[in-house]
Each structure stands twice: as structure tokens, then as C-alpha cells.
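# Following is a predicted model, sequence given first.
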Amino acid sequence: MIKYTSKRKLHDSIDSEAQIINSYLYMQTALAEQLGVFINSKVDKLDVDKAVVNLNRLKHNICLLNNLLDVLNNLKETMGFLTDDGLNAYINDYNSLYSNYITTTFSYTNKIEEFIHNLSLEMVDVASVSEEKESEKENIKESAITRNFDDTLISSDTKCAYNSLVNNTLIISEIRKEVILPYNLENVKLFYQNNSDKYSSIEQVVQENYTYPISKFKPFSIARFKEAYKLIRKRENGTKRNALSLGLEMLFNYNLHPAIIAACKNVDELDIYLSCLDDNQLGDFDIFNIRYEIPPTPVKTEKNVVNA
């Protein structure tokens with residue numbers, strides 16, 4: 001924290017404070033490396049949800065500390081233009097932020113370290129059984145949808161519904177609060193024809209098998225981790241180690257919507273999308289279409305003032 005006595009000493013006080021914050025950042029970076037190494041070394045004993053929570057805590061700590069540094073830099077740039085009263089108010093605001101942020105940082109750091117300690121004591125991976133059961137259910141569902149059925153006739157009403165659906169398109173709708181993953185219309189039609197006793201329409205097939213609430217993909221950072229993890233484990237049949245590696249890589253990829261990871265059938269498709277994203281050439285991505293439905297921004301209209 002900073003104690004303001006005079007402008008002459010304030011510059012040195014800001015530099016000293018910045019050194020303290022940077023030392024905290026260094027400790028958080030070291031903790032991040034320790035956490036990453038420890039997670040990888042204990043991959044077979046890992047509770048993924050708890051790992052994600054602690055990674056998010058670590059990210060939050062780093063953001064708070066960087067915010068404090070930004071405030072200090074702003075203070076240094078403007079201190080020559082502020083009066084003593086203005087400097088006192090600015091410093092009081094900083095000290096209040098510092099107190100709140102550091103309290104949160106230390107609290108989260110303790111929880112992260114406790115997670116590492118508990119992880120070292122775990123001997124049984126209770127999550128693997130439920131994960132295998134969930135994976136088995138999803139594999140059965142996906143194989144049923146993509147199985148090649150014989151074509152049969154359907155009613156004209158159903159044909160109209162079928163023609164109104166969108167083929168091979170990821171729809172991210174903030175308006176309807178839902179995400180519709182890409183599907184092949186022909187496969188969906190065939191699946192419906194052979195399961196018409198279970199479904200009343202093709203739309204119902206899409207609704208129950210490809211449609212998810214948009215809340216499933218929020219918060220974005222954690223959802224990116226989870227979707228990348230599932231991509232490796234469930235669609236690639238990869239190892240936990242590889243799943244964690246991709247999850248950590250995607251965690252901080254702020255330009256990537258997690259629904260896009262969910263829409264990819266394999267890592268190759270995700271790599272192609274990321275390559276197009278890095279090159280700012282998303283028009284070249286043709287594996288599936290992507291449609292965003294965003295509420296229109298309200299337009300403020302100026303009221304005309306009529307002078308009497």
C-alpha cells in the first residue's frame with residue numbers, strides 16, 4: 001500500500017509498490033508452472049472439475065495483480081497534473097483496491113496450494129468410472145445418429161420441416177439462448193424415418209440431439225477447457241494427459257468460442273479452424289458453417305428540442 005507524504009517521494013513509493021506487485025506476479029507464475037507440472041504428473045488421479053476451478057482461480061489472481069500494476073502506471077503518468085487532494089483521493093482508491101485484490105489473491109493461492117496438497121494424497125480416481133459410462137452413452141447416441149439407414153417415404157408436412165432446417169451449420173444464438181451443433185440433414189432424416197415412433201418431427205431429433213442451452217458454454221474459459229478435454233477423451237479416444245494439454249492450451253484462447261470446439265469432430269478440424277483464425281482468414285474455413293445470432297444493439301434516438 002502507498003502512504004502519500006509528498007510528490008517528491010511519491011515516485012519512489014510507486015516504484016517500490018510496483019516491485020512488490022511484480023514479486024506477487026512472479027510467485028503466481030511459479031505457482032502456475034507448479035500446478036501444470038503437478039496436474040500432468042497426477043493425471044490418472046485427477047478430478048478435472050476441481051482442476052479447472054483452480055486454474056480459473058490462478059487466472060483471476062494474475063488478472064487482479066495486472067490491474068494493480070495498470071493503476072500504478074496510470075498514477076505515475078498523471079501525478080504531475082494532480083493536486084494534493086487529487087493524489088490523496090487516487091491513492092486512497094488504489095489502497096482500497098490493493099486491500100481487496102490482495103486478500104482475494106492470497107485466499108485463492110491458499111486454495112490452489114491446498115488442491116495440490118490434496119491431489120498428492122489421492123489414491124483412487126473415482127471420476128474415471130462415471131466418465132467411462134458417460135462416454136459410452138454418448139458413443140451409442142452418436143453411432144445411432146450417423147448409422148446408415150434405408151430411405152423411406154415421409155409425409156409432406158415433415159418434408160417442409162426438413163427443408164426449413166439448416167445443413168452443416170453451427171448456430172450460436174444469444175437471442176434464443178441456445179447452441180445448435182452442425183448436423184448432416186440426410187443422416188438426421190434417415191434417423192427420423194427409422195425412429196418415427198420416438199420422434200414426432202425432424203426438428204425434435206435436432207432439438208434433442210444437437211441443441212444445447214448456451215449456458216453450457218459459459219463461462220467461456222472454463223467451457224473451452226472442458227470442450228477441448230472432451231474432444232480428446234471422447235471423440236479422439238486420447239489420453240487424459242493429452243486432453244489436459246489441449247484444455248490448458250484452449251483455456252486462455254479468448255478469440256475462440258467454446259461451441260466451435262464442441263462442433264469439431266476431431267483435432268484436425270479444430271487445428272484448421274485455429275489456423276484460419278490466426279491468419280484472419282475465417283472465410284477459408286469450410287468444414288462447417290458458423291452463424292451467430294446476436295440481439296440488435298439499441299439505437300438511441302435524439303429528441304428534438306423545440307424552442308417556444
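Here it is on my side, so go on.

# Distance from the chain centre to the helix or strand encompassing Tyr273, please.
Secondary structure from DSSP states H and E places Tyr273 in helix 267-278. With C-alpha atoms, centre = their mean, to the nearest Å as the basis, helix 267-278 stands 17 Å off its chain's centre.

# Please list the outside residues in contact with the helix or strand just after that helix.
From helix 267-278 onward toward the C-terminus, using DSSP H and E, the following helix or strand is strand 289-293. Residues from elsewhere that reach strand 289-293 (C-beta atoms under 8 Å, 6 or more residues apart in numbering): 166, 168-176, 182, 260, 263, 282. No exception for glycine: its C-beta is placed from N, CA and C like everyone else's.

# Between those, which sits nearest Lys3?
Ranked by distance to Lys3 (C-beta to C-beta), the contacts of strand 289-293 are led by Glu174 at 47.1 Å.

# just checking, that closest one touches Ile214?
Yes - using C-beta atoms under 8 Å, Glu174 is in contact with Ile214, at 6.7 Å.

# Could you check which of those two has the larger neighbour count?
The neighbour comparison of Glu174 against Ile214 (other C-beta atoms under 10 Å) goes to Ile214, with 15 against 12.

# residue contacts, that one?
Listed by C-beta under 8 Å, 6+ apart, the contact set of Ile214 reads 172-174, 177-179.

# residue ranges with poor pLDDT in the stretch 151-300 of the chain?
Confidence mapping of the stretch 151-300 of the chain against pLDDT under 70 gives the ranges 151-164, 252, 254, 296-300.

# can you count the residues close to Glu208?
Other residues close to Glu208 by other C-beta under 10 Å number 11.

# same check, this time on the one 10 residues further on
Neighbour count of Lys218, defined by other C-beta under 10 Å: 11.

# Angles on the backbone of it, please.
Backbone torsions of Lys218, given as degrees, to the nearest 10, read phi -130, psi 150.
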